[in-house]
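**Q** need the 3D shape of this:
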Amino acid sequence: MASPLVFKVYNDGEHIAALRFAEDAAVVVGNTGAGTVKVDGRIVWREGKEDFLAGDSFDRAADVMHSRRRDNHARRYARILTQQGRGVGAALLQAHDRIARSQDVAGVLDALAAFERNTKAQP
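**A** Numbers count the residues shown, from 1 in each chain. Predicted structure coming up:
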């Protein structure tokens, strides 16, 4: 089964493309020289407002888009858990932040273990 077209490219509010891969969205934005990329209704790239242009490095722009998408998903998941009364939203965000900052496998495993301890302590 093919993955959905999740990267939506807009230019001046007009939808111009729906793409499966962030790299393809970066190519479209880079070639047009303007545009906004959204995933799940949230902006993950604004051409001209970033530190570099998508046309300068499609891969680097795609990495930024993926990172922001991951962050948006983690925040939404934590908010849902908090709204459901489980009280683990803050612990989830802390674990996500530690993992995002970690550069090695040991750091990721430590962050996951801390998250597991914090969530098991909750009723």
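**Q** helix, strand or coil for Glu50?
**A** Three-state call for Glu50 (DSSP: H, G, I helix; E, B strand; the rest coil): coil.
**Q** mean confidence for whatever helix or strand Met65 lives in?
**A** In the assignment (DSSP states H and E), Met65 maps to helix 58-83. For helix 58-83, mean pLDDT is 84.
**Q** how about that helix: buried residues?
**A** Neighbour-count burial for helix 58-83, with 16 or more other Cβ atoms under 10 Å as criterion, is recorded at Phe58, Ala61, Ala62, Val64, Met65, Arg68, Arg69, Asp71, Asn72, Ala74, Ala78, Leu81. C-beta: built from backbone N, CA, C; applies to glycine.
**Q** ok, now how distant is the second one from Gly48?
**A** Put plainly, it is Ala61. 12 Å (Cβ to Cβ, to the nearest Å).
**Q** and what of the fourth one?
**A** If you measure Val64 against Gly48 using Cβ to Cβ, the figure is 14 Å.
**Q** could I get the full set of strands for this protein?
**A** Taking DSSP state E as the test, the strands found in the chain are 7-11, 14-19, 36-39, 42-46.
**Q** so Pro60 makes contact with Phe52?
**A** Let me fix one detail, which is that residue 60 is Arg and not Pro. Yes: Arg60 is within contact range of Phe52, at 6.8 Å (criterion: Cβ atoms under 8 Å).
**Q** low-confidence ranges in the chain?
**A** Scanning the chain for pLDDT under 70 picks out the ranges 1-3, 81, 83-93, 96, 99-112, 118-123.
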